[in-house]
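Q: everything below, folded, please.
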Amino acid sequence: MVTHEPPREVRLARELGLRFTFAGALVSAIEQARAAATGGDVVIMGGGDVRLVYERAGDA
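A: Residues are numbered from 1 along each chain as shown. The predicted model follows:
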């Protein structure tokens, strides 16, 4: 997840045991997601701003 400040607690982590990694920059988040996916798909979700940052960065 890309965020300015990670939350102290993530409800889905607590309730369902899901794991989250927080990054301060989109390109870094994509790189981390691709490494964790080990060849699998990586999905980028968010508003128009996220899409624009990704497009301006090129195929990170």
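
Q: three-state assignment of Arg34?
A: helix (DSSP: H, G, I helix; E, B strand; the rest coil).

Q: okay but it is in contact with Val42, surely?
A: Yes: the criterion here is Cβ atoms under 8 Å, and Arg34 meets it with Val42 at 5.4 Å. Quick note: C-beta positions are derived from backbone N, CA and C, even for glycine.

Q: okay, now Ala29: neighbour count?
A: For Ala29, the count of nearby residues is 21 (other Cβ atoms under 10 Å).

Q: what about the helices in this structure?
A: 11-16, 26-37, 48-57 (DSSP state H).

Q: please identify the most buried of the ones you listed.
A: Among these, helix 26-37 has the highest mean neighbour count (mean count of other Cβ atoms under 10 Å), at a mean of 15.

Q: nearest residue to Val2 other than its sequence neighbours?
A: The shortest distance from Val2 to any non-neighbouring residue, by Cβ to Cβ, 6 or more residues apart in numbering, is to Ala29 (4.7 Å).

Q: lowest confidence element among the helices and strands of the chain?
A: In the chain, no helix or strand scores lower on mean pLDDT, DSSP states H and E than helix 48-57, which sits at a mean of 80.

Q: helices or strands up against it?
A: With contacts defined as 3 or more Cβ pairs under 8 Å, 6 or more residues apart in numbering; DSSP states H and E, the packing partners of helix 48-57 are helix 26-37.
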